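K.L.:
What follows is a protein structure lacking sequence information:
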């Protein structure tokens, strides 16, 4: 390694990115580009940082496969921090394999943690689980170990395994303390606090109650028919029926559940499902059709019986009926859930993560912005959306040392 | 050209407080390690660090019989080893891309890492007197008994090589084991080379092979030898 690269790397390691930049500002060789990229990332200019480490990866020679792979990892991490989910995941995988082949277990594990975090963010939990199983966590340094445990906790939370999430967060807190990075410790603390704040609302027998995540988990494990408005799913201990793409059927199910064990009048159902103020014959015909469809879909879980004035829900196995809703329901929930990780998102990234069209996401964002629940900054393609910071999963950059031999 | 594995005689370190070895030199008694913000004197017999002076030390280091010469960023500093004081400064020929440093008979030899070059320079002015090309990244440079040796490190591979000081032709190669980094090279004037181990924080002693046809009595002084 040459003298200015050494000096710049030392400055960077000492937390002086400007000092590092000063030393290699005008140099275009691979290690200089890599150091400039890492320095820019530390200074928060993620777009420039990414372009620099990408150029560095290309500039390292064919014999410098390890340095090249580390630059790919740095680029992936910067992309993740900028919530650019369309980054080439294949390149990251290839870089990880190259590092494994060269015996760089530490950075190979770093690559794997990034893959897991990306899958978690995209909601691909099964893939994330498989990637976790392939992770050799032994060589992880404390900071990366904390990021890894946060990802484990994230997966457990999305799967509603509160106890596993709590255990992972305890390990994350220990690792973050060892790493002695205050920002990382704060992130773990926020995530732990999320476990103690209301995650959902239970509506049953005319009463509403805010539930922590472990109470949600307990409710789902109990002998209750749950109409889950967070995911548009109806389930009991044995079955679940997805109504994700059937908003009308879900609205009917929810109205019936909220009234249980009583029935719901036709007029109320029409208003809830179709927004109809006054019902005419065609509305009533349509209601009959939709109730028929709902009956068919809910058959394993519940019957929908006709009463004198309307309809009522009769669970087959469950003893209770409850609606599970978001703590507050006046917003486009899935978009808000993603924004709530405290980072800035592009519309494109949100659309990709939600599997929705950009137009749908834009509409949802506009609604949120009008309600003061989301903020945009930047213009055009660079526009990003944020919410006031709420618990989320690590955004701390733990960049690999990109230099050969380092 | 002969091509053999390097015979590692001894490993020193890592040493507390030294996370990188950026260069090595030998003053006849101690091995000096360039450790970033200090020069550290290692007793090669006991394996202990016996002295340390504060000095900016980012790459190669050399000893001229009286002073230490040390690459610091884009300069080469002449340092009094007794006090650590910088007596003079000249520009480094690579402008900060410099790696190894050796002293021989009144001139300095400077390795330029990624440029794969070795420059002979005037220690008064820094003016380049001649330039040799290598085909691999150059780390340390050293002279011993009229032989010019340099270390290389590229990708995962390091070696020590003796080159013709007029043409740069490679005459002899000693391979270090794969994955062992090499960040500096100095001979003890006799049968050993000292190799800096970069981020491993180690120093390795490697046996210097004697070329049968060229064997001469060893001179016990650093960087001994006469460039042609």
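P.N.:
Received, thanks. What you see is a predicted model, and the numbers here were worked out from it, not measured in a lab.

K.L.:
Now the residue lying closest to residue A:159 once chain neighbours are set aside. Its backbone dihedrals?
P.N.:
With sequence-adjacent residues excluded and distances taken as CB to CB, 6 or more residues apart in numbering or on different chains, residue A:159 is closest to residue A:125, at 6.3 Å. From N, CA and C alone the C-beta is placed, and that goes for glycine too. Main-chain dihedrals, residue A:125, degrees, to the nearest 10: phi -70, psi -40.

K.L.:
Now for residue A:125: which residues touch it?
P.N.:
By CB atoms under 8 Å, 6 or more residues apart in numbering or on different chains, the residues touching residue A:125 are A:119, A:155, A:158, A:159.

K.L.:
give me that answer again for 7 Å
P.N.:
Contact analysis of residue A:125 by CB atoms under 7 Å, 6 or more residues apart in numbering or on different chains lists A:155, A:158, A:159.

K.L.:
Residue B:60 now?
P.N.:
B:23, B:71, B:99, B:100, B:101, B:111, B:140, B:141, B:184.

K.L.:
Could you give the number of residues near the second one?
P.N.:
Looking back up the chat, that one is residue B:71. Neighbour count for residue B:71, taken as other CB atoms under 10 Å in any protein chain shown: 33.

K.L.:
From residue B:161, how far off is it?
P.N.:
Distance of residue B:71 to residue B:161, computed by CB to CB, to the nearest Å: 21 Å.

K.L.:
swap in the last one?
P.N.:
Going from residue B:184 to residue B:161 by CB to CB gives 15 Å.

K.L.:
more crowded one of those two?
P.N.:
With neighbours defined as other CB under 10 Å, residue B:184 and residue B:161 compare such that residue B:184 has more, 31 against 22.

K.L.:
in the sheet, who's paired with the nearest residue to the more buried one once chain neighbours are set aside?
P.N.:
Leaving aside its sequence neighbours, residue B:184 sits nearest to residue B:196 (CB to CB, 6+ apart; 3.1 Å). The partner list for residue B:196 in beta bridges (DSSP bridges) reads residue B:184, residue B:203.

K.L.:
ok, residue B:196 - contacts?
P.N.:
Residue B:196 touches B:21, B:22, B:23, B:24, B:33, B:140, B:182, B:183, B:184, B:203, counting by CB under 7 Å, 6+ apart.

K.L.:
which residues of the chain score low on pLDDT?
P.N.:
All of this is about chain A. A:85, A:276, A:279, A:329-334, A:337-338, A:340-344, A:377-379, A:387-400, A:402, A:404-406 (pLDDT under 70).

K.L.:
Chain B was what I was after
P.N.:
B:211-228.

K.L.:
50 instead, please
P.N.:
Across chain B, the ranges flagged by pLDDT under 50 are B:215-228.

K.L.:
Can you pull up the residues of it that come close to chain A?
P.N.:
B:22, B:36, B:58-59, B:71-74, B:92, B:94, B:96-99, B:113-114, B:153-156, B:179, B:181, B:183, B:198-199 (CB under 7 Å from any CB of the partner chain).

K.L.:
List the strands paired with the longest strand seen in chain B, with their directions.
P.N.:
Criterion DSSP state E: the longest strand present in chain B is strand B:48-57. Strand pairing for strand B:48-57, using DSSP bridges, gives strand B:36-43 (antiparallel).

K.L.:
what distance separates the partner strand from the centre of its chain?
P.N.:
Offset of strand B:36-43 from its chain centre (CA atoms, centre = their mean, to the nearest Å): 14 Å.

K.L.:
I figured residue A:150 hits residue A:172, correct?
P.N.:
Yes. Counting by CB atoms under 7 Å, residue A:172 is a contact partner of residue A:150 at 5.1 Å.

K.L.:
Spell out which residues are contacts of both of these two.
P.N.:
In contact with both residue A:150 and residue A:172: residue A:188, using CB under 7 Å, 6+ apart.

K.L.:
List the residues that contact the most centrally placed residue in chain B.
P.N.:
Among the residues of chain B, the one closest to the centroid is residue B:185, at 3.3 Å (CA atoms, centre = their mean). Applying CB under 7 Å, 6+ apart to residue B:185 gives the contacts B:24, B:100, B:139, B:140, B:141, B:142, B:149, B:150, B:151, B:160, B:193, B:195.

K.L.:
Apply 10 Å and report the result again.
P.N.:
By CB atoms under 10 Å, 6 or more residues apart in numbering or on different chains, the residues touching residue B:185 are B:23-25, B:60, B:99-102, B:111, B:138-142, B:149-152, B:158, B:160-161, B:193-196, B:206.

K.L.:
Please name the nearest non-neighbouring residue to it.
P.N.:
Going by CB to CB, 6+ apart, residue B:185 has residue B:140 as its nearest residue, at 2.8 Å.

K.L.:
Spatially nearest residue to the residue in the stretch 51-200 of chain A positioned nearest to chain B, not counting backbone neighbours?
P.N.:
Distances between the stretch 51-200 of chain A and chain B by CB to the nearest CB are smallest at residue A:63, namely 3.5 Å. In space, and not counting its chain neighbours, residue A:63 is closest to residue B:155: 3.5 Å by CB to CB, 6+ apart.

K.L.:
got the residues of the stretch 151-300 of chain A near chain B?
P.N.:
Within reach of chain B by CB under 10 Å from any CB of the partner chain, the stretch 151-300 of chain A has no residues at all.

K.L.:
my bad, the stretch 1-150 of chain A
P.N.:
Taking CB under 10 Å from any CB as the contact definition, the stretch 1-150 of chain A meets chain B at A:1-10, A:13-14, A:23-24, A:26-27, A:29-32, A:59-68, A:102-104.

K.L.:
which among those residues end up buried?
P.N.:
For those, a burial check counting by 16 or more other CB atoms under 10 Å in any protein chain shown picks out A:1-10, A:23-24, A:27, A:29-32, A:59-60, A:64-68, A:102, A:104.

K.L.:
From those, which land in helices?
P.N.:
A:3-10, A:23-24, A:30-32, A:59, A:65-68 (DSSP state H).

K.L.:
Strands of the stretch 301-406 of chain A, start to end?
P.N.:
A:302-306, A:310-315, A:320-325, A:375-377, A:384-386 (DSSP state E, counting those that start in this stretch).

K.L.:
Switch the ones you listed over to JSON lines; also include mean neighbour count.
P.N.:
As requested, these are exported to JSON lines (neighbours: other CB atoms under 10 Å in any protein chain shown):
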{"stretch": "strand A:302-306", "mean neighbour count": "16"}
{"stretch": "strand A:310-315", "mean neighbour count": "20"}
{"stretch": "strand A:320-325", "mean neighbour count": "22"}
{"stretch": "strand A:375-377", "mean neighbour count": "13"}
{"stretch": "strand A:384-386", "mean neighbour count": "19"}
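
K.L.:
Export the ones you listed as JSON lines, with columns for distance to chain B.
P.N.:
Formatted as JSON lines, the strands of the stretch 301-406 of chain A follow (distance: least, CB to the nearest CB, whole Å):
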{"stretch": "strand A:302-306", "distance to chain B": "64"}
{"stretch": "strand A:310-315", "distance to chain B": "65"}
{"stretch": "strand A:320-325", "distance to chain B": "53"}
{"stretch": "strand A:375-377", "distance to chain B": "38"}
{"stretch": "strand A:384-386", "distance to chain B": "37"}
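
K.L.:
circling back: from the residues of chain B next to chain A, which land in strands?
P.N.:
B:36, B:71, B:72, B:98, B:99, B:153, B:154.

K.L.:
What is the burial count for the residue nearest to residue B:185?
P.N.:
33.

K.L.:
Spit out the contact partners of the nearest residue to residue A:322 once chain neighbours are set aside.
P.N.:
Excluding the flanking residues, the one nearest residue A:322 by CB to CB, 6+ apart is residue A:204, at 3.9 Å. Shown in contact with residue A:204 (CB under 10 Å, 6+ apart): A:219, A:224, A:226, A:227, A:257, A:258, A:260, A:320, A:321, A:322, A:323, A:324.

K.L.:
how does it look with 7 Å?
P.N.:
A:320, A:321, A:322, A:323.

K.L.:
any idea how far residue B:167 is from the nearest residue to the second one once chain neighbours are set aside?
P.N.:
Looking back up the chat, that one is residue A:321. Leaving aside its sequence neighbours, residue A:321 sits nearest to residue A:260 (CB to CB, 6+ apart; 4.1 Å). For residue A:260, the distance to residue B:167 equals 94 Å [CB to CB].
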